[in-house]
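**Q** Got a predicted structure plus its sequence, pasted below:
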Amino acid sequence: MWTCKNLWKKLAPLARSSSTLCRQNARGVVLNNERRLPLVPQAHMSSGTPGSGGDNNLYYLLVGATCVGGGFYAYRTIKGDKERYQERINEIASRPNKVVPEQLITEVPGEQAAETPQAAEPATVAPAEVPAPTPVEFPSHAPYLLIGGGTASFAAARSIRARDPGARVLIITDEPDLPYMRPPLSKELWFSDDPSVVDTLRFKQWNGKERSIYFQPPSFYVSPQDLEKVENGGVAVLTGKKVVHMDVRGNKVTLSDNTEISYDKCLIATGGVPRNLQVIERAGEEVTKRTTLFRKVEDFKALDKVSRDTKSITIIGGGFLGSELACALGRRSADSDLEVIQMFPEKGNMGKVLPEYLSNWTTAKVKSEGVTIITEALVKAVSFKDGKVEIKLKDGRVVKTDHIVAAVGLEPSVELAKSAGLEVDSDFGGFRVNAELQARSNIWVAGDAACFYDIRLGRRRVEHHDHAVVSGRLAGENMTGANKPYWHQSMFWSDLGPDVGYEAIGIVDSSLPTVGVFAKATAKDTPKAATEKSGTGIRSESETEGTASSPVASSTPEPPPVPEQKDNYGKGVIFYLRDKVVVGIILWNVFNRMPVARKIIKDGEEHADLNEVAKLFNIHED
């Protein structure tokens, strides 16, 4: 309040002078008009009538209120400044790596200097080096932005750099790993004799050559923070980051940490996530933590550990992945007490793809690897009892196991569709794109997440390594202005160990009519022999570049085709027909003939005798 008193002492004389001057002026006016106002006792001035001294009292009140308000405002301002000053001094003094600057410790007017940190005390704070600011981890803009770190993204990056050598490409992946190939995770890695394979992720191919699952070593890539500065561009990978929002109009994406990155052209190659059974999702935490959804490197490492620490593993699913893992784990069980069970709703392994007779033969092959097969198994409920996972089937059968591997398909990752305004195909799933794999003028989609228009077979979505390679490569070319349609028929393959494998192309659906032509297999008709001949374990990498302009049948006389009912399906060709036209082909233990199959589907012709067509594959050669 001392501030208010001081202000009043200064303002009161002015107020009194002003009041006196007003009274004198009023008196002068009265005299000039030869009138004198009646004197009113001072005690009644506060309640005087209009024209009396009450106006002066009102003036006093207004001046007084103004002074009080001004004084209160000045008091609050000075007090607030003092508090803010003190908070600033305390904040500076509390910094661990800095000494409180001496020049900042000054006396606040009206306050004792002792209330602020003393300038003589900084020696109590240990001086230390101020850490350098953390560098920016990624650029704010990327001319080519690739969302997803799988095969399709890597193929696109390589294609972009081939056509635009100075291109700057940024790959964003939510995985902690650099781009790698997924097929070995369910194939060759399980057959390695190296106990450190889980750490090195290097494996021997069927031909004995060693390689890593990673497409390129870390030295191949540019660090994200240097991408904008490197002279000749490059490919950078931002790992452990997830794109959660796309602004198509603004040409930018938002990461899970709210960081924004703009782009000129963008590829969505988000792949997919493994499906799970609802009965497992509802079964509770104990079942969930004993269930593996197999897709990533982490899943391979986790399942490898489980296979060494438990006594029983049950694989639910009879498709490519389930059958490959069943064979791999079955082979491992020969050297341990591990029990491997595979169950599926079909009558045989890969029953949705292979004709029934070949599916039954494949089932027998998987059994020979030490796997217990349970067919026509529809899971009704899953629970955890007495330290075991209990699987109840609809027909009343019960299976008790230690761990479950759910291999029941893939769900395309299309979370960005909503924010980006992109169309998701209602029949096949995935982002709907045109024949050039384009979803918008500057957005492309490749790999498992793309539902593309096949100029020969119509709209499709494919979930295989070769498709990821080919579609990623095409998308990369089109991002640099190629404008090429997707005409290539991608292939896929599956190996049941080193001795049995097949390659397929087109629409292979067991519900379609099929014609199979078989012959006796030789020692060279195995996946192992195929990799020895091609020099690579990823067969599509050598096959996709092949062409067949005019396939020629072998001049060797052809023996009669082996009837389908025969149990020895050593090697052969299975044709899948739709309206009498071949729309799909499986080469069973027949390798390096995919360009021939690709041309047959591309031609789209009716064939009166498919036995004659089978001669193009030379399956009866020794």
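**A** Sure thing, it's come through.

**Q** I believe residue 439 is in a strand; please confirm or correct that.
**A** Yes. Residue 439 forms part of a strand when assessed by DSSP: H, G, I helix; E, B strand; the rest coil.

**Q** What separation is there between it and residue 449?
**A** Distance of residue 439 to residue 449, computed by Cβ to Cβ, to the nearest Å: 10 Å. To be clear about C-beta, it is placed using only N, CA and C from the backbone, and glycine gets the same treatment.

**Q** quick one: average confidence on stretch 407-422?
**A** On average, the pLDDT along stretch 407-422 is 96.

**Q** residue ranges with poor pLDDT in the stretch 51-200 of the chain?
**A** 51-60, 62-63, 67, 70, 72-137 (pLDDT under 70).

**Q** At the geometric centre of the protein, which residue sits there?
**A** Closest residue to the average C-alpha location of the chain: residue 174 at 4.5 Å, with Cα atoms, centre = their mean.

**Q** Confirm for me that it is in contact with residue 241.
**A** Yes. Assessed by Cβ atoms under 8 Å, residue 174 is found in contact with residue 241 at 6.5 Å.

**Q** least trustworthy helix or strand in the chain by mean pLDDT?
**A** Across the helices and strands of the chain, mean pLDDT, DSSP states H and E gives its lowest value to helix 539-543, namely a mean of 44.

**Q** Could the C-alpha coordinates of the next helix or strand after that one be exported in CSV?
**A** Next along the chain after helix 539-543, taking DSSP states H and E as the criterion, comes strand 571-578. C-alpha atoms of strand 571-578 as CSV (Å, rounded to 0.1, in the frame of the first residue of the first chain):
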residue,chain,number,x,y,z
LYS,A,571,7.4,-83.5,-61.5
GLY,A,572,4.8,-82.0,-63.8
VAL,A,573,2.7,-79.1,-65.0
ILE,A,574,-0.8,-78.3,-63.8
PHE,A,575,-3.0,-76.0,-65.9
TYR,A,576,-5.9,-74.0,-64.4
LEU,A,577,-8.7,-73.2,-66.8
ARG,A,578,-11.4,-70.6,-66.9
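
**Q** mind checking how far strand 571-578 is from the chain centre?
**A** On the basis of Cα atoms, centre = their mean, to the nearest Å, strand 571-578 sits 37 Å off its chain's mean C-alpha point.

**Q** again, but for stretch 166-184
**A** Remark: stretch 166-184 is offset 11 Å from the chain centroid, using Cα atoms, centre = their mean.

**Q** Name the residues of it that are buried.
**A** By neighbour count on 16 or more other Cβ atoms under 10 Å, the buried set for stretch 166-184 is 167-175, 177-184.

**Q** sec struct for the residue nearest to the centre of the chain, please.
**A** Per three-state DSSP, residue 174 ends up coil.

**Q** and the gap between the closest residue in space to it that isn't next to it in sequence and residue 337?
**A** What sits nearest to residue 174 in space, not counting adjacent residues and going by Cβ to Cβ, 6 or more residues apart in numbering, is residue 242, at 4.0 Å. Counting by Cβ to Cβ, the gap between residue 242 and residue 337 amounts to 40 Å.

**Q** quick one: which of those two has more around it?
**A** residue 242 (14 against 8; other Cβ atoms under 10 Å).

**Q** Render the CA-only coordinates of stretch 296-307 in CSV, please.
**A** Taking Å, rounded to 0.1, in the frame of the first residue of the first chain, the C-alpha atoms of stretch 296-307 are listed here in CSV:
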residue,chain,number,x,y,z
LYS,A,296,8.8,-60.2,-39.5
VAL,A,297,12.3,-60.9,-38.4
GLU,A,298,11.2,-60.6,-34.8
ASP,A,299,8.7,-63.3,-35.3
PHE,A,300,11.3,-65.7,-36.7
LYS,A,301,13.6,-65.0,-33.7
ALA,A,302,10.7,-65.5,-31.3
LEU,A,303,9.5,-68.7,-32.9
ASP,A,304,13.1,-70.1,-33.0
LYS,A,305,13.4,-69.6,-29.3
VAL,A,306,10.0,-71.2,-28.7
SER,A,307,10.9,-74.2,-30.7
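
**Q** Give me the contact list for it.
**A** 175, 177, 180, 185, 189, 198, 201, 213, 292-294, 313, 325, 329, 332, 338, 402-403, 405 (Cβ atoms under 8 Å, 6 or more residues apart in numbering).

**Q** let's see 7 Å
**A** 175, 177, 180, 185, 189, 198, 201, 292-294, 313, 329, 332, 338, 403, 405 (Cβ atoms under 7 Å, 6 or more residues apart in numbering).

**Q** ditto for stretch 446-453
**A** 150-152, 156, 267-272, 410, 412-414, 425, 428-435, 437, 459-461, 463, 468, 471-472, 475, 486.

**Q** Sort out which of the residues you listed are buried, if you could.
**A** Buried, going by 16+ other Cβ under 10 Å: 150-152, 156, 267-272, 410, 412-414, 425, 429-433, 437, 460-461, 463, 468, 471-472, 475, 486, out of the contacts of stretch 446-453.

**Q** how about the strands in the stretch 151-300 of the chain?
**A** Remark: strands assigned in the stretch 151-300 of the chain by DSSP state E, counting those that start in this stretch are 168-172, 202-204, 210-212, 234-238, 243-247, 252-255, 260-268, 272-274, 291-293.

**Q** Would you reformat the ones you listed as TSV and include distance to residue 605?
**A** TSV is the format used below for the strands of the stretch 151-300 of the chain (distance: least, Cβ to Cβ, whole Å):
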stretch	distance to residue 605
strand 168-172	41
strand 202-204	41
strand 210-212	40
strand 234-238	42
strand 243-247	43
strand 252-255	45
strand 260-268	35
strand 272-274	34
strand 291-293	42
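
**Q** what about the strand or helix carrying residue 357, average pLDDT?
**A** Per DSSP H and E: residue 357 is located in helix 356-368. Here helix 356-368 scores 91 as its mean pLDDT.

**Q** Just checking: what are the partner strands of whichever helix or strand comes after it?
**A** Once the chain leaves helix 356-368, the next helix or strand it forms, by DSSP H and E, is strand 371-374. Pairing partners of strand 371-374, with direction, according to DSSP bridges: strand 339-343 (parallel).

**Q** From the contact counts, what lies against the helix holding residue 357?
**A** helix 320-333, strand 371-374 (3 or more Cβ pairs under 7 Å, 6 or more residues apart in numbering; DSSP states H and E).

**Q** For those, which has the smallest mean pLDDT value?
**A** helix 320-333 (a mean of 91).

**Q** Run through who's touching it.
**A** With Cβ under 7 Å, 6+ apart, helix 320-333 has contacts from 186-187, 190-191, 294, 307, 313, 315, 338-340, 342, 344, 349-350, 366, 369-371, 405, 407, 494-497.

**Q** Tell me which of these fall in helices.
**A** Among the contacts of helix 320-333, the members falling in helices (DSSP state H) are 307, 366.

**Q** count of neighbours near residue 485?
**A** 15.

**Q** phi, psi of it?
**A** phi -80, psi 160 (degrees, to the nearest 10).

**Q** List the contacts of it.
**A** Residue 485 touches 435, 436, 455, counting by Cβ under 7 Å, 6+ apart.

**Q** ditto for residue 390
**A** With Cβ under 7 Å, 6+ apart, residue 390 has these contacts: 383, 398, 400.

**Q** Let's have the residues you listed in JSON lines, adding pLDDT and neighbour count.
**A** As requested, those are exported to JSON lines (pLDDT from 0 to 100; neighbours: other Cβ atoms under 10 Å):
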{"residue": "383", "pLDDT": "97", "neighbour count": "15"}
{"residue": "398", "pLDDT": "97", "neighbour count": "10"}
{"residue": "400", "pLDDT": "97", "neighbour count": "14"}
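
**Q** How about the contacts made by the residue nearest to the centre of the chain?
**A** 240, 241, 242.

**Q** Could you provide those in TSV, with additional columns for distance to residue 277?
**A** Converted to TSV, the contacts of residue 174 look like this (distance: Cβ to Cβ, whole Å):
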residue	distance to residue 277
240	29
241	30
242	25
